[in-house]
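Visitor: Give me a model of this one.
(2 chains)
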Amino acid sequence: QVQLVESGGGVVQPGKSLRLSCGASGFRFSRYGMHWVRQAPGKGLEWAAFISFDGSKKDYADSVKGRFNISRDNSKNTVYLQMNSLRAEDTAVYYCAKWGVGGSYCDYWGQGALVTVSS
Amino acid sequence: EIVLTQSPGTLSLSPGERATLSCRASQSVSSSYFAWYQQKPGQSPRLLIYGTSSRATGIPDRFSGSGSGTDFTLTVSRLEPEDFAVYYCQLYGSSPATFGQGTKVEVK
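Guide: Prediction:
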């Protein structure tokens, strides 16, 4: 069965960096795009970033563009989110999600990693 | 950027009742790229519907999606106790992949 496991969350000071990882299993990772979606405490879902199956295409929400970088290592079945210049408003649970079959909806989600940006 | 507005914000219903959730886009969108998700407290979101009306794997047939243009609907024909949750609509296939703000379905 499909499993997505995020790691790397924690407490970080404003302006610092953090890298999230998402390990995938149960499907042919190299054939699917991946998303990062975040959810601030008590708030709704916000799409943050996307990467194509081979890493050749990337896209970001305006709120993270220029600060966050999504990447993947298909040999390790892992997708990453490098977060730089973190702000208090980046505090959220970050979910990785797998592209659906035939469309870029999110058909499977990880359990999430909490990132808290605070001094 | 297309904005998705969900209504109502909260829906108070009893088990067995029909739930109708609305999602309106700020401009006309392709119905091929519309999805609905369910999220329960402390859990990750779960895909219910994609392509406006296709149920995801394992989703009961009491969940159905419809719509076109700017107006999309998720219907739960008869609410089961496990259906009380927050529901989000999403437009995908374009940048950004926008979510609505959510509708909470609570027990009346």
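Visitor: Look up which residues are beta-bridged to residue A:23.
Guide: Note on residue A:23: beta-bridge partners by DSSP bridges are residue A:5, residue A:78.
Visitor: surely it meets residue A:7?
Guide: Yes: judged on Cβ atoms under 8 Å, residue A:23 makes contact with residue A:7 at a distance of 7.4 Å. (C-beta placed from N, C-alpha, C; glycine too.)
Visitor: Dig out what the spatially most central residue of chain A forms beta bridges with.
Guide: The structure's chain A has its C-alpha centroid closest to residue A:36; by Cα atoms, centre = their mean the separation is 2.9 Å. Residue A:36 has these beta-bridge partners by DSSP bridges: residue A:49, residue A:96.
Visitor: what's near enough to touch the closest residue to residue B:80 other than its chain neighbours?
Guide: Of all residues not flanking residue B:80 in the chain, residue B:15 sits nearest, at 6.6 Å (Cβ to Cβ, 6 or more residues apart in numbering or on different chains). Contacts for residue B:15 were tallied using Cβ atoms under 8 Å, 6 or more residues apart in numbering or on different chains; they are B:79-81, B:107.
Visitor: Can you give me the distance of residue B:15 to residue B:78?
Guide: With the distance defined as Cβ to Cβ, to the nearest Å, residue B:15 ends up 8 Å from residue B:78.
Visitor: what do you get for residue B:55?
Guide: Residue B:55 sits 16 Å away from residue B:78, going by Cβ to Cβ.
Visitor: same deal with residue A:54?
Guide: Residue A:54 is 44 Å from residue B:78, by Cβ to Cβ.
Visitor: can you list the residues of chain B near chain A?
Guide: For chain B, the contact set with chain A under Cβ under 8 Å from any Cβ of the partner chain comprises B:32-33, B:35, B:37, B:39, B:44-47, B:50-51, B:56-57, B:88, B:90, B:92-93, B:95-102.
Visitor: cutoff 7 Å now
Guide: Proximity of chain B to chain A (Cβ under 7 Å from any Cβ of the partner chain) is limited to residues B:33, B:35, B:44-45, B:47, B:50-51, B:56, B:88, B:90, B:92-93, B:95-99, B:101-102.
Visitor: which ones are touching residue 94?
Guide: Reading this off chain A. A:6, A:9, A:20, A:36, A:38, A:81, A:112-113, A:115 (Cβ atoms under 7 Å, 6 or more residues apart in numbering or on different chains).
Visitor: right idea, wrong chain: chain B
Guide: Residues counted as contacts of residue B:94 (Cβ under 7 Å, 6+ apart) are residue B:33.
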